[in-house]
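Engineer: Mind folding the following:
(chains A and B)
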There are 2 protein chains.
Amino acid sequence: EEENLAVKPGGDRPISTILIVIAMQTEALPLVAKFELSEDLDRSAFPKGVPWVRYHGTYKGLDINLVWPGKDTILGETQEPSNCFCQVNGSNLAFEAQSVDSVGTVSASLLTYASIQALKPDLIINAGTAGGFQARGACIKDVYLVSDVAFHDRRIPIPVSIHATVVFDLYGIGTKRAFSTPYLVKELGLKVGKLSTGDSLDMCPQDESSIIANDATVKDMEGAAVAYVAGLFSIPAIFLKAVTDIVDGPKPTAEEFMENLIAVSAALHQAVTEVVDFISGKSLSDL
Amino acid sequence: EEENLAVKPGGDRPISTILIVIAMQTEALPLVAKFELSEDLDRSAFPKGVPWVRYHGTYKGLDINLVWPGKDTILGETQEPSNCFCQVNGSNLAFEAQSVDSVGTVSASLLTYASIQALKPDLIINAGTAGGFQARGACIKDVYLVSDVAFHDRRIPIPVSIHATVVFDLYGIGTKRAFSTPYLVKELGLKVGKLSTGDSLDMCPQDESSIIANDATVKDMEGAAVAYVAGLFSIPAIFLKAVTDIVDGPKPTAEEFMENLIAVSAALHQAVTEVVDFISGKSLSDL
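Structural biologist: Below is the predicted model:
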């Protein structure tokens, strides 16, 4: 059974505070510029010690908070820097090798949790690049609005004894429905598909089986974790995922990434802007 | 490079507050009874909405907080209850099938984060059952004090371009050294080994390769996540893992579990008690 994220009271009042959760700096910075956000340099929203970064500001009447989990502090200290480009699950990345974005479900869940506690958002938008499956209709540069999320690397096939439903399996998969936004989908003409999340960039055969079972069109490394935490607090969450590489295609990921980086970044940036423009002045029930 | 968790100032003052992080109720309750802890029924340490449970009390001069991530609230509502026994990564479990413990790295990291913020512990003990590798010397009923932790299911083999160290790979593996406790090891005669953590109960070939690369003797579903969060805040963390099943042995997990459940639970309970007894009255540098 799936959980609906989330029909909470207050669906008719205008949306005020938006939390945008983004895993990587190179995905975040264009939106920081677009919305003219300021970095929270004293990190008042988060405790001392965490690498998480918050940008905030007002855009078209919305209080916008964009957070990303920052760079891994330990590796930042021990590695030699070097300039490089790379891709994480379709995420575009130009970075110094000494600075590693804190990608994945643990960082994303912690960051989402702390941001919800500090900022009490009305709506969460998790945006980023992703791998897409051409067998499910995904093309490079597509931006998907996600209908459902699930994990594909939490296999808990509990050997139960008698009379037992295999509920640990369901807990591990963690399927959740994204907040339903029929007007937004219609207005912006976004593709809609299911998202599967795992902590690995690559896809082992067991991952692939689970992704197929999850009926997923796009694959990332954070979405289902963001959804889990949003669900704990009944905060509506939506997910925008832009396809930078075709997982089930013939091209090597790195090559495909270099070809598509600029166009896909622009597509994601444009989609998030259009979504935020659409949200401005509306209530949850208008989405 | 590994991070040492953690040589913080104040290593010479007596340890006062201990946080015991346990993934499953059946692992937690015997210790709640032993230390005569009370459940924090108004859940003052945690925000509304989370299923996390805290037990607290004073034992031999120590302020003890035992936390576990509770039952998954969504599945608890949608499933028919039924009594069953099962095993998660060697974790013993007698439960009603409607109630699913929130196992795994996301819940463990969130719980550890929130507990650190609320309780400011001097030391974290992550205790639980685990799978053991007989090829590395593990036997049923062994209780390991963990020297190092790492993840085995976060494969991020980034295709980098030029001059780049593969630092995302290292971030994903997330190796951390546990807080060093040479006097404790000597006094209690515990076996010492490395722990590898992943979100799946089973072990796919890619997991196995990573576990071998991690040089691990025991395998669980939470340890490296607890270590990651403890490391963010430089809180010393130690890990006690009791072997309920042999991962690389011939016996089916469920069968082996039923044979060993009672003895292994008792061994874990005894080891945690001995560790807490040893800690009483000591400073971090005495461990």
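Engineer: From chain B, how far out is residue A:129?
Structural biologist: Per CB to the nearest CB, to the nearest Å, residue A:129 is found 14 Å from chain B. Just so you know, the C-beta spots here come from the backbone N, C-alpha and C atoms, and that holds for glycine as well.
Engineer: what's the answer for residue A:143, then?
Structural biologist: Counting by CB to the nearest CB - residue A:143 and chain B are separated by 23 Å.
Engineer: Now the one residue sitting closest to the centre of chain A, what are its backbone angles?
Structural biologist: Nearest to the mean C-alpha position of chain A, by CA atoms, centre = their mean, lies residue A:126 at 3.7 Å. Phi and psi for residue A:126, reported as degrees, to the nearest 10, are phi -100, psi 120.
Engineer: Please state the offset of stretch A:27-40 from the chain centre?
Structural biologist: 17 Å (CA atoms, centre = their mean, to the nearest Å).
Engineer: Can you point out the buried residues in it?
Structural biologist: For stretch A:27-40, burial by neighbour count (16 or more other CB atoms under 10 Å in any protein chain shown) applies to A:27, A:28, A:29, A:30, A:31, A:32, A:35, A:37, A:40.
Engineer: What's the end-to-end length of that stretch?
Structural biologist: By CA to CA, to the nearest Å, the extent of stretch A:27-40 from end to end equals 18 Å.
Engineer: Three-state assignment for the residue nearest to residue A:152 when sequence neighbours are not counted, please.
Structural biologist: Leaving aside its sequence neighbours, residue A:152 sits nearest to residue A:210 (CB to CB, 6 or more residues apart in numbering or on different chains; 3.7 Å). At residue A:210 the chain is in helix, as set by DSSP: H, G, I helix; E, B strand; the rest coil.
Engineer: Surely the residue nearest to the centre of chain A is in contact with residue A:236?
Structural biologist: No - contact criterion CB atoms under 8 Å: residue A:126 and residue A:236 do not qualify, at 11.7 Å.
Engineer: number of nearby residues for the residue nearest to residue A:152?
Structural biologist: Residue A:210 has 23 neighbours, counted by other CB atoms under 10 Å in any protein chain shown.
Engineer: Does it touch residue A:153 like I think?
Structural biologist: Yes - using CB under 8 Å, residue A:210 is in contact with residue A:153, at 7.1 Å.
Engineer: quick one: common contacting residues for these two?
Structural biologist: Residues touching both residue A:210 and residue A:153 (CB atoms under 8 Å, 6 or more residues apart in numbering or on different chains): there are none.
Engineer: ranges for the helices of the stretch 51-200 of chain A?
Structural biologist: Remark: helices assigned in the stretch 51-200 of chain A by DSSP state H, counting those that start in this stretch are A:73-78, A:105-119, A:167-173, A:182-188.
Engineer: Just name the most buried of these.
Structural biologist: Among the helices of the stretch 51-200 of chain A, the stretch with the highest mean neighbour count (mean count of other CB atoms under 10 Å in any protein chain shown) is helix A:105-119, at a mean of 24.
Engineer: I'd like the distance from that one to the chain centre, please.
Structural biologist: Computed by CA atoms, centre = their mean, the chain-centroid distance of helix A:105-119 equals 12 Å.
Engineer: Can it be said to contact chain B?
Structural biologist: Yes - against chain B, helix A:105-119 shows contacts by CB under 8 Å from any CB of the partner chain at A:105, A:106, A:109, A:110, A:113, A:114, A:117.
Engineer: Was I right to think the last one contacts residue B:47?
Structural biologist: Yep, that's residue A:117 we're talking about. Yes - judged on CB under 8 Å, residue A:117 makes contact with residue B:47 at a distance of 6.2 Å.
Engineer: re earlier: tabulate the helices of the stretch 51-200 of chain A (TSV), appending distance to residue B:169.
Structural biologist: As requested, the helices of the stretch 51-200 of chain A are exported to TSV (distance: least, CB to CB, whole Å):
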stretch	distance to residue B:169
helix A:73-78	10
helix A:105-119	16
helix A:167-173	25
helix A:182-188	37
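Engineer: Adding mean pLDDT as columns, could you present the ones you listed in a markdown table?
Structural biologist: Output for these, formatted as a markdown table (pLDDT from 0 to 100):
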| stretch | mean pLDDT |
| --- | --- |
| helix A:73-78 | 56 |
| helix A:105-119 | 98 |
| helix A:167-173 | 82 |
| helix A:182-188 | 95 |
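Engineer: Can you check which of those gets nearest to residue A:58?
Structural biologist: Of all these, helix A:105-119 sits nearest to residue A:58, with 13.8 Å by CB to CB.
Engineer: tell me which helix or strand of chain A sits lowest on mean pLDDT?
Structural biologist: For chain A, counting by mean pLDDT, DSSP states H and E, strand A:83-88 ranks last in confidence among helices and strands (a mean of 42).
Engineer: Can you give me the buried ones in stretch A:120-127?
Structural biologist: For stretch A:120-127, using 16+ other CB under 10 Å, the buried residues are A:121, A:122, A:123, A:124, A:125, A:126, A:127.
Engineer: need the contact list for the residue nearest to the centre of chain A.
Structural biologist: A:20, A:21, A:22, A:108, A:222, A:223, A:226, A:227, A:237, A:238, A:239, A:240.
Engineer: Skipping adjacent residues, who's closest to residue A:200 in space?
Structural biologist: Of all residues not flanking residue A:200 in the chain, residue B:155 sits nearest, at 4.0 Å (CB to CB, 6+ apart).
Engineer: Hmm, I typed the wrong one, I wanted residue A:187.
Structural biologist: residue A:278 (5.9 Å).
Engineer: And the average pLDDT for the helix or strand where that neighbour lies is what?
Structural biologist: Using DSSP states H and E, residue A:278 falls within helix A:253-279. For helix A:253-279, the mean per-residue pLDDT is 83.
Engineer: if we take the contacts of residue A:126, which one ends up nearest to residue B:142?
Structural biologist: residue A:108 (34.7 Å).
Engineer: one step back: in helices, which of the contacts of residue A:126 fall?
Structural biologist: Judged by DSSP state H, the subset of these located in helices is A:108, A:223, A:226, A:227.
Engineer: Buried among the residues you listed? Make that a ChimeraX selection.
Structural biologist: Selection of buried members from these for ChimeraX, criterion 16+ other CB under 10 Å:
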select /A:108,223,226,227
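Engineer: gap between the helix or strand harbouring residue A:31 and the chain center?
Structural biologist: With elements taken from DSSP H and E, the one containing residue A:31 is helix A:25-34. Centroid displacement of helix A:25-34 relative to its chain, using CA atoms, centre = their mean, is 14 Å.
Engineer: what bits of chain A have low per-residue confidence?
Structural biologist: A:1-11, A:73-99, A:158-167, A:252-255, A:257-258, A:261 (pLDDT under 70).
Engineer: how about 80 then?
Structural biologist: Within chain A, the segments meeting pLDDT under 80 span A:1-12, A:73-100, A:157-169, A:252-263, A:265.
Engineer: before we move on, the earlier item: the residue nearest to residue A:200 contacts residue B:213, correct?
Structural biologist: No - shown here, residue B:155 and residue B:213 do not form a contact pair, counting by CB under 8 Å, at 10.5 Å.
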